[in-house]
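S.K.: A predicted structure for the sequence below; I have some questions about it.
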Amino acid sequence: MDHVELTLSGRIDSGNAADVESRLLSQLGGASSVTLDAKELQYISSAGLRVILRLKKTCSDLRIINVNSEVYEILDMTGFTEMMPVEKAYRVVSIEGCEEIGRGANGTIYRIDKDNVVKVYNNADALADIQHEREVAKLALILGVPTAISYDVVQVGNSYGSVFELLNARSFSKILATEPEKLDWCVAEYVKMLKIIHGTVVPAGKLPDMRETVLGWARFMQDHLPEAAGKKLLALVEAVPHDDHMLHGDYHTKNLELQNDEVLLIDMDTLAVGHPIFELASMYNSFIGYSESDHEIIKKFQGFDFEMGRTFWRKSLAAYLGTQDEVKLQEVENKARIVGYARMIRRSIRRGGMDSEFGRKEIAHWKEELLALLETTDTILFTTENA
């Protein structure tokens with residue numbers, strides 16, 4: 001037997017520690033890996049801790065799961081969480097009837113009460129993803145980017161979620177949908193946050209390099225474009241220099257929240273470093289690209305219509321670049337579209353887009369646009385008026 005799962009229950013103290021140890025050892029059966037399920041364990045004393053230590057000497061591959069808060073505190077305080085994997089038991093949260101306030105590449109955010117929201121991850125085995133997002137969110141906060149930090153991990157259906165305190169917060173998408181007269185204010189705050197992000201230098205190795213990700217998209221496209229076009233796309237991405245400035249990676253209006261006059265950035269699991277053209281490409285896709293063939297898509301996703309998305313994108317681009325020059329704006333937009341179309345084509349193909357009539361039509365449209373842009377573009381780099 002390679003692996004065995006054993007249960008811990010009730011209280012383990014000096015009165016029963018010897019009996020518990022005897023039972024556990026008799027159930028090992030020569031297993032090389034042991035999981036202790038502590039779902040029913042209410043308390044453990046120092047005598048019980050010594051039982052676990054002796055068990056670990058017998059079987060070095062030992063982990064403890066479903067630990068309640070009180071027992072976890074004991075294990076953490078005594079250093080057991082550093083000696084072996086220890087997983088907490090997770091509070092169960094229901095999102096039935098909850099308002100969706102945000103959606104990103106890896107999960108959806110729901111308001112569970114007036115003070116708190118939960119981000120539910122698409123990946124059912126999301127604990128590593130949750131840990132990653134908590135770490136990068138803390139890094140962003142330390143570096144000066146206003147963001148909310150998760151204070152709890154919960155179980156939601158067959159997946160997991162992170163809980164954040166967002167008191168009566170409203171997303172910029174909701175503000176634009178219900179108070180369109182605040183468009184210019186939203187643009188100004190949106191671009192202000194974007195410049196904070198892009199002005200933040202990240203210590204080397206702390207975040208993924210977006211350039212490497214986009215190179216992967218370009219290599220994928222080699223099999224889906226004429227040879228010359230595929231080579232040019234790859235060369236354009238290869239010519240982008242490494243950049244240690246922060247990117248959000250999924251920067252749209254559902255990921256900006258207004259809380260008591262403070263603007264907070266959320267959905268931080270896509271944080272990376274790289275040239276801002278990669279960010280602008282993602283922004284173009286959110287506000288225009290994904291909805292080019294069906295204008296209802298942005299309405300379902302952002303809550304406002306395609307015209308509002310187009311207007312918000314153009315105003316934000318002008319404010320970010322520091323110019324109203326239409327030639328300059330179109331030039332930078334076209335550079336963003338090159339990266340954006342490559343991303344959308346790859347994503348759609350990998351998700352079975354070629355299996356439906358609409359998907360094939362959508363991919364053909366994006367490919368046609370991409371090929372036309374590649375004929376007229378020699379670089380996807382750009383500068384702002386203040387650079």
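M.R.: Here it is on my side, so go on.

S.K.: quick one: low-confidence parts of the protein?
M.R.: 1, 385-387 (pLDDT under 70).

S.K.: now the helices for it?
M.R.: For the chain, the helices defined by DSSP state H occupy 17-28, 46-58, 69-77, 80-83, 127-142, 172-178, 183-198, 210-221, 227-238, 276-287, 296-302, 306-321, 326-350, 357-376.

S.K.: how many other residues sit next to L62?
M.R.: 19 (other Cβ atoms under 10 Å). Glycine gets a C-beta too; all of them are placed from N, C-alpha and C.

S.K.: do you know which of the helices of the chain lies nearest V117?
M.R.: The closest of the helices of the chain to V117 is helix 172-178. By Cβ to Cβ, the value is 12.8 Å.

S.K.: does M344 touch W366 like I think?
M.R.: Yes. Under the criterion of Cβ atoms under 8 Å, M344 makes contact with W366 at 5.5 Å.

S.K.: between the two, which contacts overlap?
M.R.: Taking Cβ atoms under 8 Å, 6 or more residues apart in numbering as the criterion, M344 and W366 both touch G289.

S.K.: that older thread, tell me which of the helices of the chain lies nearest to N158.
M.R.: Among the helices of the chain, helix 127-142 sits nearest to N158 (Cβ to Cβ), with 13.0 Å.

S.K.: list the buried ones in that closest one?
M.R.: Neighbour-count burial for helix 127-142, counted by 16 or more other Cβ atoms under 10 Å, picks out 129-130, 132-134, 136-137, 139-140.

S.K.: do the same with stretch 293-308
M.R.: Using 16+ other Cβ under 10 Å as the test for burial, stretch 293-308 gives 298-299, 301-306, 308.

S.K.: likewise stretch 92-106?
M.R.: Buried-residue list, stretch 92-106, by 16+ other Cβ under 10 Å: 93, 95, 98, 101-104, 106.

S.K.: straight-line length of it, end to end?
M.R.: Distance across stretch 92-106, first residue to last, is 20 Å (Cα to Cα, to the nearest Å).

S.K.: need the residues that contact that stretch.
M.R.: By Cβ under 8 Å, 6+ apart, stretch 92-106 touches 108-112, 117-123, 129, 154-157, 161, 163, 169-171, 174, 249-250, 254-255, 257, 266-267, 269-270, 301.

S.K.: selection in ChimeraX covering whichever of those are buried, please.
M.R.: Here is the ChimeraX command that selects the buried residues among those (16+ other Cβ under 10 Å):
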select :108,109,110,111,112,117,118,119,120,121,129,154,156,161,163,169,171,174,249,250,254,255,257,266,267,269,270,301
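
S.K.: out of the contacts of stretch 92-106, which are inside strands?
M.R.: Among the contacts of stretch 92-106, DSSP state E puts 108-111, 117-121, 154-156, 161, 163, 170-171, 257 in strands.

S.K.: how much space between V237 and L215?
M.R.: Per Cβ to Cβ, to the nearest Å, V237 is found 5 Å from L215.

S.K.: these two: which has the busier surroundings?
M.R.: V237 (25 against 15).

S.K.: you'd agree the more buried one is up against R211?
M.R.: Yes. The pair V237 / R211 is scored as a contact, 7.2 Å apart, by Cβ under 8 Å.

S.K.: from A38, how far off is the residue nearest to D13 when sequence neighbours are not counted?
M.R.: Counting by Cβ to Cβ, 6 or more residues apart in numbering, D13 lies nearest to S45, which is 4.0 Å off, once chain neighbours are set aside. With the distance defined as Cβ to Cβ, S45 ends up 14 Å from A38.

S.K.: about what we covered before: so which of the helices of the chain gets nearest D2?
M.R.: So among the helices of the chain, helix 17-28 is nearest, using Cβ to Cβ, at 11.8 Å.

S.K.: returning to that earlier point: distance to E262 for the helices of the chain - can I get that in TSV?
M.R.: Below are these laid out as TSV (distance: least, Cβ to Cβ, whole Å):
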stretch	distance to E262
helix 17-28	51
helix 46-58	44
helix 69-77	30
helix 80-83	34
helix 127-142	13
helix 172-178	13
helix 183-198	10
helix 210-221	27
helix 227-238	36
helix 276-287	22
helix 296-302	22
helix 306-321	20
helix 326-350	29
helix 357-376	38
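
S.K.: can I get the buried residues of helix 127-142 in JSON lines including distance to D223?
M.R.: Shown next, in JSON lines, are the buried residues of helix 127-142 (distance: Cβ to Cβ, whole Å):
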{"residue": "D129", "distance to D223": "29"}
{"residue": "I130", "distance to D223": "34"}
{"residue": "H132", "distance to D223": "30"}
{"residue": "E133", "distance to D223": "32"}
{"residue": "R134", "distance to D223": "37"}
{"residue": "V136", "distance to D223": "32"}
{"residue": "A137", "distance to D223": "36"}
{"residue": "L139", "distance to D223": "36"}
{"residue": "A140", "distance to D223": "36"}
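
S.K.: between the residues you listed, which is closest to P276?
M.R.: Of all those, P276 sits closest to A140, with 16.4 Å by Cβ to Cβ.

S.K.: for the closest one, give its distance to K206.
M.R.: Here A140 is placed at a distance of 10 Å from K206 (Cβ to Cβ).

S.K.: likewise for D244?
M.R.: Relative to K206, and taking Cβ to Cβ, D244 is found at 9 Å.

S.K.: now Q27
M.R.: From Q27 to K206 the distance is 43 Å (Cβ to Cβ).
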